[in-house]
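Novice: Provided below are the primary sequence and the corresponding predicted coordinates.
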Amino acid sequence: MMDSIIDNPFLHVGVPETLKCIHPLSAVDQSAPRGYTRWMFIFDFPEVSAETTLSACYCIKRGLDFVFEEYPFLTGRLGPLHHPVKKNLIQLRYNDTARPDGLHWTSYESTSGYDYPELCKAGMDVSRWSIPHFCAAPSFAEMSEWPPAFTLQATFLKSGALVLCFAFHNSIVDEWSISLILARFAMGTRHPEPIPKAFGQCPMTIYNQHSDQYRY
């Protein structure tokens, strides 16, 4: 394993002082389950070497840069919001000047139980995939720990595969939003030139068009 995932670097204790910007959350956002939606994509990756791994990570980070440029709040963290009347509210804070690379990556030998040909023969049985091994987002985190809004982990199986696991916190995006983010990510990995601004002008969610009337 090239990068440890035992101590999750994405959790934070206390209000992060560097996260000065607050992204407004609607009443719908506040009522969403406090967990993650995970999307996993599995690609054939016949040659896993230092060179091919670094090249792939470069493309993935370029895709993330394009995503963060349009949706900077994805670099943020969620935490408790103290309200004089209402309880159990959360807030999303992020830094609009310093962007983390957002990518966590690791690799596994075939002997670790993740042999790609065998997984294919087994029909990619979900019971064979351990979330802590493939997803950088915490399986469970209190809001006081300020869990990340979004994570991406790239896992290289030396038996010939690349696994990308995107984790989106339910309080910040819906399925439509995720489709926009993934489409932008894909464009960023393929094109070094800036993406036309018009591509990102689609509303993140339908209710965000009327966010003021839904504010708590």
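Specialist: Right, received. Where do you want to start?
Novice: sec struct for M187, please.
Specialist: Here M187 is recorded as helix under DSSP: H, G, I helix; E, B strand; the rest coil.
Novice: then R93?
Specialist: strand.
Novice: is it true that it touches P24?
Specialist: No - contact status for R93 versus P24: not in contact, 11.3 Å apart, counting by CB atoms under 8 Å. All C-beta spots, glycine's among them, are computed from the backbone N, C-alpha and C.
Novice: who's more crowded, the two?
Specialist: Taking neighbours as other CB atoms under 10 Å, R93 and P24 compare with R93 leading, 20 against 14.
Novice: ok, and the closest non-adjacent residue to that one?
Specialist: L19 (3.7 Å; CB to CB, 6 or more residues apart in numbering).
Novice: report the secondary structure state of the one you found.
Specialist: coil.
Novice: list the contacts of it.
Specialist: 76-77, 93-95 (CB atoms under 8 Å, 6 or more residues apart in numbering).
Novice: can you tell me which one of these sits lowest on pLDDT?
Specialist: Across the contacts of L19, the bottom pLDDT score, 86, is held by N95.
Novice: and that residue, backbone torsions?
Specialist: For N95, the backbone dihedrals are phi -110, psi 120 (criterion: degrees, to the nearest 10).
Novice: run a quick neighbour tally on it.
Specialist: 17.
Novice: and if you look at G79?
Specialist: Counted with other CB under 10 Å, G79 comes out at 20.
Novice: and the residue nearest the centre of the protein?
Specialist: Central residue of the chain (CA atoms, centre = their mean): T151, 2.7 Å from the mean position.
Novice: show me what counts as buried in stretch 45-56.
Specialist: The neighbour-count check on stretch 45-56 (16 or more other CB atoms under 10 Å) flags 45, 48, 53, 56 as buried.
Novice: distance between it and the chain's centre?
Specialist: Centre-to-centre, stretch 45-56 and its host chain are 22 Å apart (CA atoms, centre = their mean, to the nearest Å).
Novice: which of the contacts of L19 sits closest to V85?
Specialist: R93 (21.3 Å; CB to CB).
Novice: what's the spacing between K121 and V163?
Specialist: 17 Å (CB to CB, to the nearest Å).
Novice: more crowded one of the two?
Specialist: Applying other CB under 10 Å to K121 and V163 shows that V163 carries more neighbours, namely 23 against 10.
Novice: just confirm that one is within a strand.
Specialist: Yes - counting by three-state DSSP, V163 falls inside a strand.
Novice: hang on, it packs against W39?
Specialist: No - judged on CB under 8 Å, V163 makes no contact with W39 at a distance of 11.2 Å.
Novice: what residues does the closest residue to T155 other than its chain neighbours make contact with?
Specialist: Closest residue in space to T155, ignoring its immediate chain neighbours: V163 at 4.3 Å, by CB to CB, 6+ apart. By CB under 8 Å, 6+ apart, V163 lies in contact with 40-43, 134, 154-157.
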